[in-house]
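next come a sequence and a model predicted from it.
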Amino acid sequence: MIKKIRVLVAKPGLDGHDRGAKIVARALRDSGMEVVYTGLHQTAAQIVNTAMQEDVDVVGLSLLSGAHMTLFIDVAKLLKEKQMDDVLIVGGGIIPQEDVPALKKAGIAAVFGPGTPVEDIVSYIKKNVKR
Amino acid sequence: MTELATRVIAGDPRSIARLITLVENDSPEALEEMKQIHPHTGHAQIIGVTGVMGSGKSSLIFQLALAYRILGKKVGIIAIDPTSPFSGGALLGDRIRMTDLAIDSGVFIRSMGTRGMMGGLTSALYDVVEILDAAGMNVILIETVGVGQDEVDIIKIADTTLVVLVPGLGDSVQTIKAGLMEIADIFVVNKADKPGVEQTVAEIESMLDLVSAPDRRTPIVTTSAKEKKGIQELTSKIAEHQKYLKNSNAFETRRRQRYEAELIEIIRKRLMDFIFDEKKLKKTVDCCIDQISKKELDPYSAADQILGKILK
């Protein structure tokens, strides 16, 4: 048995800034995870379908455009609809503190803002992955 | 039949994904499922796409998949990227070029890391091909990692192997004469929107002139995945090659070669698992150490004994 943590790093919506997503993807790779990167401008349906086919343990969403309350929650809802509750959802980007409780309530397990050391993200995922 | 195998054969994407994970992780749970799905395989057309890094394999596969979708075929795509030999992690980015296929229910894409396997493939690949085949995919497109010269294992799996080159390689077509250049059923000169296409085609042609008495000259197709050119011609050359295989019995030979390679791979894996299962091996070895130190046994005879037990 050689179980590896598989993570989907996705950029939902109309946001062309993927430097953060790429840095996180690389840090996860360097910690031994298999990281599927979708590229830019994904819809919630594309992200969830990709997560299903790739059978990932974690979906990491990155958004800097301000539409996280819609798009992050859409992805979480759709994952639940498809009974993929065992997938850990984390988010990052420019997310105001006051939005975090609502995101958590919607199923985004953790939100990582600018300045988060990548090690924190790695260890959070390793600790909280659900399967 | 087990529930998972039944759902895989019915084409349920979540079950397909889950079984792929099990075989990738070398999980013992996968064995029974794999045994059960084998009788349901053998229908898919398997196309390998290999070539140097940055030759546009992913974009080409995207275009091919679209073309097969128009023909009403279900398409499975296996995209392999390298696993880091340092961290064991991998960045699997082939889907970036294929996002428009992500919500097409007639397409199943799976990204895989090489996980230490050499040859441009990944060791679970045989199983993943069987799974997608059993799940009803009509065409399975396999993208190898960006290869150098001698990563040629794809021919052990694919019915048709496309070797993708790009203009501007110049003399390097000469340098990769061996290995990669020998495995092509079809040469694809991609990025034909860039200058230097004619020269690259001419170099391949002149190399093909040196092949003695072929019963089939390897065709060269120029494509531009970016400008969506040459894709029709490529699919028709692939179809011609399939016909050629079926008419010349080569098809059966290739399939047999694939099963042979798969069987050897399973045996290799099991032996390695045993040999590198340190606890098990240590236990076996420990029994002999006493005898060796008392000179009742020499190390060579001990090794024979141990190997004899493994190979029994």
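Thanks, I have it. Numbers count the residues shown, from 1 in each chain, chains lettered A, B, ... in the order given.

which bits of chain A sit near chain B?
When proximity is defined as C-beta under 8 Å from any C-beta of the partner chain, chain A approaches chain B at A:1-4, A:6, A:25-26, A:28-39, A:41-43, A:45-46, A:49-50, A:52-55, A:82, A:84. The C-beta positions use only the backbone N, C-alpha and C, and glycine is treated the same way.

among those residues, which are in helices?
With DSSP state H as the criterion, helices contain A:25-26, A:28-30, A:45-46, A:49-50, A:52-54 from among the residues of chain A next to chain B.

so which of these wins on neighbours?
Ranked by neighbour count (other C-beta atoms under 10 Å in any protein chain shown), those have A:L28 at the top, with 27 neighbours.

in chain A, what residue spans correspond to strands?
For chain A, applying DSSP state E gives strands covering A:6-10, A:34-37, A:58-63, A:88-93, A:110-112.

format those as CSV; extra columns: mean pLDDT and mean neighbour count.
Formatted as CSV, the strands of chain A follow (pLDDT from 0 to 100; neighbours: other C-beta atoms under 10 Å in any protein chain shown):
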stretch, mean pLDDT, mean neighbour count
strand A:6-10, 96, 27
strand A:34-37, 96, 27
strand A:58-63, 96, 25
strand A:88-93, 95, 23
strand A:110-112, 95, 20
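
can you pull the contacts of the closest residue to B:G89 other than its chain neighbours?
Nearest residue to B:G89, sequence neighbours excluded (C-beta to C-beta, 6 or more residues apart in numbering or on different chains): A:R29, at 3.8 Å. By C-beta atoms under 8 Å, 6 or more residues apart in numbering or on different chains, the contact set of A:R29 is A:35, B:84, B:87, B:89-91.

nearest the geometric middle of chain A, what residue?
A:G60 (1.1 Å; C-alpha atoms, centre = their mean).

bridged to it, which residues?
A:V9, A:V90 (DSSP bridges).

phi, psi of B:E296?
Dihedral pair for B:E296: phi -80, psi -20, per degrees, to the nearest 10.

how close does it get to chain A?
38 Å (C-beta to the nearest C-beta, to the nearest Å).

any idea how far that residue lies from B:S58?
61 Å (C-beta to C-beta, to the nearest Å).

the two: who's more crowded?
B:S58 (20 against 11).

hang on, isn't that one packed against B:L101?
No - if you go by C-beta atoms under 8 Å, B:S58 and B:L101 don't touch, sitting 11.0 Å apart.

ok, the closest residue to B:T83 other than its chain neighbours - contacts?
Leaving aside its chain neighbours, B:T83 sits nearest to B:G113 (3.8 Å; criterion: C-beta to C-beta, 6+ apart). B:G113 sits next to A:4, A:34, B:80-83, B:89-90, B:92, B:122 when contact means C-beta under 8 Å, 6+ apart.

now swap in B:L234 and tell me
B:64, B:162, B:186, B:188, B:221, B:223.

what does the third one show for phi and psi?
Comment: the main-chain dihedrals of B:I186 come out as phi -140, psi 130, following degrees, to the nearest 10.

dig out what it forms beta bridges with.
With DSSP bridges as the rule, B:I186 is bridged to B:L162.

B:E262 versus that one, what's the distance?
For B:I186, the distance to B:E262 - C-beta to C-beta - is 24 Å.

quick check: which element contains B:V188?
For B:V188, the host element (DSSP states H and E) is strand B:186-189.

what's the offset of that strand from the middle of its chain?
Distance of strand B:186-189 from its chain centroid, counting by C-alpha atoms, centre = their mean, to the nearest Å, is 18 Å.

now do stretch A:102-122
Worked out by C-alpha atoms, centre = their mean, stretch A:102-122 lies 9 Å from the chain centre.
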